[in-house]
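In: Generate a structure from the sequence data that follows.
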Amino acid sequence: MTVTFNPSASIDRACSLGLIEALQKYFDLMYDCDTSRFDQVFRSTVQLHGYRDGQMVAWPAREYRDILDKRQSPKSLNAARADEILMIDFASTTQAFTKVRVRINTMLFVDYLTWHRIDGQWLITSKGFHVESGEA
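Out: Take a look at the predicted model:
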């Protein structure tokens, strides 16, 4: 995993650990699809972009939450869990960017996540996803 910091930002341990905890919440949500925790991971204004079936899609928060609600969770299928942090880049104590890999059932995704720390809580404000392998 690569971690980078803006040299002018004063990133402390609590800030770093807070983001790692937020990433774990993201991984947990992708695994169990328990959208009662959706607002603890995603900002209400989040936008998601990526290719599905060869077409670029863009989903606002409400639509993505609905997708998760309808998805059969990997947890319910007893699917193997695989999630990994590939990169963390802090622009400041209130903005960061992460690259992660996560398995959702038979599909392996690489996600680019933009995070903002709002009222002390790291939330995803933008998600770009790529299907690395698996059936779409």
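
In: Could you work out the end-to-end span of stretch 111-128 for me?
Out: 6 Å (CA to CA, to the nearest Å).

In: Please compute how far it lies from its chain's middle.
Out: With CA atoms, centre = their mean, to the nearest Å as the basis, stretch 111-128 stands 8 Å off its chain's centre.

In: now do stretch 108-117
Out: The answer for stretch 108-117 is 4 Å, by CA atoms, centre = their mean.

In: average pLDDT across it?
Out: Average pLDDT, stretch 108-117: 97.

In: Give me the contacts around it.
Out: Stretch 108-117 has contacts (CB atoms under 8 Å, 6 or more residues apart in numbering) with 15, 18-19, 22, 26, 43, 82, 86, 93-103, 122-134. C-betas here are computed from N, CA, C, even on glycine.

In: what's the answer for stretch 24-33, then?
Out: 34-35, 37-38, 40-41, 68-69, 71-76, 81, 83, 100, 102, 104, 113, 124.

In: In helices, which of those fall?
Out: Judged by DSSP state H, the subset of the contacts of stretch 24-33 located in helices is 68-69.

In: Among the contacts of stretch 24-33, name the buried ones.
Out: 35, 38, 41, 68, 73-74, 83, 100, 102, 104, 113, 124 (16 or more other CB atoms under 10 Å).
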